[in-house]
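Participant: Below are the sequence and a predicted model; questions follow.
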Amino acid sequence: MLGTLQQRHKRQDVEQPPLSPKKTTTTPANKGANALALLALVFFASAAPVATQLVRRPDGSYPFEVVDVVLRAEILKLCIASTCLAYELRGLGETERRERAPTPTTKGLLLTLAVGAGYQALNILGGLAMRVLDDPTLFAVIVQSKVVWTGVLGVYAFGRRLSPARVFSLVLVALGASVCAAPKPPNTDVEKVRTRITGCLLAGGAALLSAILTVACEAVVKRGRASLHWQNLQLYVVGILVTASTLTRPPSLVISYAMGALIVLEACKGLAISLVLKRTDAVVKTLATTLSIPGVAVMERLVVPGVAPMALPMLLGGGAVVLAITAYHEGPDGRDKPFLAAALGLTLFGAATLVVDAGWPRRELLGSESPPPD
């Protein structure tokens, strides 16, 4: 897939982003729109998991089939993309219509189909890795390597340039997210070493596949002068077909309020992802979704009853993620050095607290460990 992307780049079928931040001609209005799209993505990526947790039953099951929610979200996104495309093409001439909604080529359809099928394969691989590893904390830590993989693959597929400072900031994002996602030390049972190694390899494969699909999805939404809504429409059609093939029973015609809220959140998250990929790049999208890790932690403690106070490593790791992302956007002109230093310090401090927690009982940063009075 990456070889195909590189060939498409050589034929200039994919728009090449600016090679350096100094050459960017983004206007203040565009910067504001990009920032708004990123904030929307962080919000919806944080709200969707929290909403899913709220509707889950005490025994861990759901009042509906999760795949059914994903399918209905794809249908909702398809309806929104179709409506936006019809509005965009209204009043345009025949030539402009063909430019905005060109006839799909065979290679373009194959790439779109590969992306849609790849995301389904990613869901299967991620679920298998979690079952084999049997350690959600370690799984979350390994998956954060997708931030670095996305940057490296973007260099290969689109010919981008990443300065050493930006590469270091991506590494710090992954490390900070790992600290934030590891509220307790992983299980170190010696008898499960072989199984854990297999699970780690599967989780690493899921991280790499996630990065490949993110870069490929960027290539899809940036093909030529085609409308974003036209590209999304093709992706959503493939997504509906692939998701429908995984249903274990016919979808229910009844939609509860909880299910409807989840459908809307998942659809908005998907639309925000495509918008961010169109306006920025795959690395920025991955950074925004990584920022949702501390976002979920904060939102969970605001709306979910009975959640334990936020632990110190989670606060330190979340702060490191924010600082490292800020350093990435500041550029390699010297302004990023204070942010990189602060992110590195918070990451090391957070890692040290995790080591301490491995030998001493956890002490929460906020509140006490005793349950609140009735």
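Facilitator: Good, I have the coordinates.
Participant: how near is the residue positioned nearest the centre of the chain to K222?
Facilitator: For the chain, T289 is the residue whose C-alpha lies nearest the centre (Cα atoms, centre = their mean; 3.8 Å). Counting by Cβ to Cβ, to the nearest Å, the gap from T289 to K222 is 19 Å. Glycine gets a C-beta too; all of them are placed from N, C-alpha and C.
Participant: sorry, back to before: any idea how far the nearest residue in space to the residue nearest to the centre of the chain that is not next to it in sequence lies from L39?
Facilitator: Counting by Cβ to Cβ, 6 or more residues apart in numbering, T289 lies nearest to A45, which is 5.2 Å off, once chain neighbours are set aside. For A45, the distance to L39 (Cβ to Cβ) stands at 11 Å.
Participant: Of these two, give the one with the bigger neighbour count.
Facilitator: The neighbour comparison of A45 against L39 (other Cβ atoms under 10 Å) goes to A45, with 22 against 13.
Participant: Low-confidence regions, the stretch 201-350 of the chain specifically.
Facilitator: Within the stretch 201-350 of the chain, the stretches with pLDDT under 70 are 307-310, 330-334.
Participant: if you set the cut-off to 90 instead, what comes out?
Facilitator: By pLDDT under 90, the low-scoring segments of the stretch 201-350 of the chain are 201-207, 210-211, 213-235, 238-262, 266, 270, 273-350.
Participant: where along it do the helices fall?
Facilitator: 228-244, 257-279, 282-303, 312-330, 337-359 (DSSP state H, counting those that start in this stretch).
Participant: for those, which one ends up most surrounded?
Facilitator: Comparing the helices of the stretch 201-350 of the chain by mean neighbour count (mean count of other Cβ atoms under 10 Å), helix 312-330 comes out on top with a mean of 24.
Participant: which other helices and strands contact it?
Facilitator: Helix 312-330 sits against helix 164-180, helix 282-303, helix 337-359, with contacts defined as 3 or more Cβ pairs under 8 Å, 6 or more residues apart in numbering; DSSP states H and E.
Participant: can you give me the angle that helix makes with helix 282-303?
Facilitator: Counting by axes from the mean of the first three to the mean of the last three Cα atoms, to 10 degrees, helix 312-330 lies at 150 degrees to helix 282-303.
Participant: Just the buried positions in stretch 65-85, please.
Facilitator: Across stretch 65-85, burial judged by 16 or more other Cβ atoms under 10 Å covers 65, 67-78, 80-81, 84-85.
Participant: make that stretch 39-48, sorry
Facilitator: Buried residues in stretch 39-48, counted by 16+ other Cβ under 10 Å: A40, L41, V42, F43, F44, A45, S46, A47, A48.
Participant: measure L175 to R249 for me?
Facilitator: To R249, L175 is 42 Å away according to Cβ to Cβ.
Participant: Of these two, which one has the most company?
Facilitator: Between L175 and R249, L175 has the larger neighbour count (other Cβ under 10 Å), namely 26 against 8.
Participant: wouldn't the more buried one be in contact with L316 here?
Facilitator: No: assessed by Cβ atoms under 8 Å, L175 is found out of contact with L316, at 11.1 Å.
Participant: Identify the contacts common to the two.
Facilitator: T347 (Cβ atoms under 8 Å, 6 or more residues apart in numbering).
Participant: Out of the helices of the stretch 201-350 of the chain, which is closest to V155?
Facilitator: helix 282-303 (9.8 Å; Cβ to Cβ).
Participant: Include distance to I325 when you put the helices and strands packed on helix 312-330 into a markdown table, please.
Facilitator: Compiled in a markdown table, these are given as follows (distance: least, Cβ to Cβ, whole Å):
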| stretch | distance to I325 |
| --- | --- |
| helix 164-180 | 6 |
| helix 282-303 | 5 |
| helix 337-359 | 9 |
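Participant: what's the closest of these to T103?
Facilitator: The closest of the helices and strands packed on helix 312-330 to T103 is helix 282-303. By Cβ to Cβ, the value is 26.2 Å.
Participant: So what's the gap between that closest one and the chain middle?
Facilitator: On the basis of Cα atoms, centre = their mean, to the nearest Å, helix 282-303 is displaced by 9 Å from the centre of the chain it belongs to.
Participant: between that helix and helix 257-279, how many degrees?
Facilitator: If you take the same axes, to 10 degrees, helix 282-303 sits at 150 degrees to helix 257-279.
Participant: list the helices and strands helix 282-303 packs on?
Facilitator: In terms of contacts (3+ Cβ pairs under 8 Å, 6+ apart), helix 282-303 is packed against helix 28-55, helix 146-158, helix 164-180, helix 193-221, helix 257-279, helix 312-330.
Participant: Rebuild these as a markdown table, extending it with distance to T243.
Facilitator: Below are the helices and strands packed on helix 282-303 laid out as a markdown table (distance: least, Cβ to Cβ, whole Å):
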| stretch | distance to T243 |
| --- | --- |
| helix 28-55 | 16 |
| helix 146-158 | 22 |
| helix 164-180 | 27 |
| helix 193-221 | 15 |
| helix 257-279 | 11 |
| helix 312-330 | 30 |
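Participant: Ok, which of these comes nearest L122?
Facilitator: Checking those against L122 by Cβ to Cβ gives helix 193-221 as the closest, at 5.2 Å.
Participant: separation between Y257 and P338?
Facilitator: Distance, Y257 to P338, by Cβ to Cβ: 47 Å.
Participant: Among the helices and strands packed on helix 312-330, which comes closest to Q120?
Facilitator: Closest approach to Q120 among these (Cβ to Cβ): helix 282-303, 18.4 Å.
Participant: Now do that closest one against helix 146-158, angle only.
Facilitator: Relative orientation of helix 282-303 versus helix 146-158 (the same axes, to 10 degrees): 150 degrees.
Participant: Can you say which of the helices and strands packed on helix 312-330 is nearest to C217?
Facilitator: Smallest distance to C217 across these (Cβ to Cβ): 7.5 Å, for helix 282-303.
Participant: now the angle between helix 193-221 and the closest one, please.
Facilitator: In terms of direction (the same axes, to 10 degrees), helix 282-303 departs from helix 193-221 by 120 degrees.
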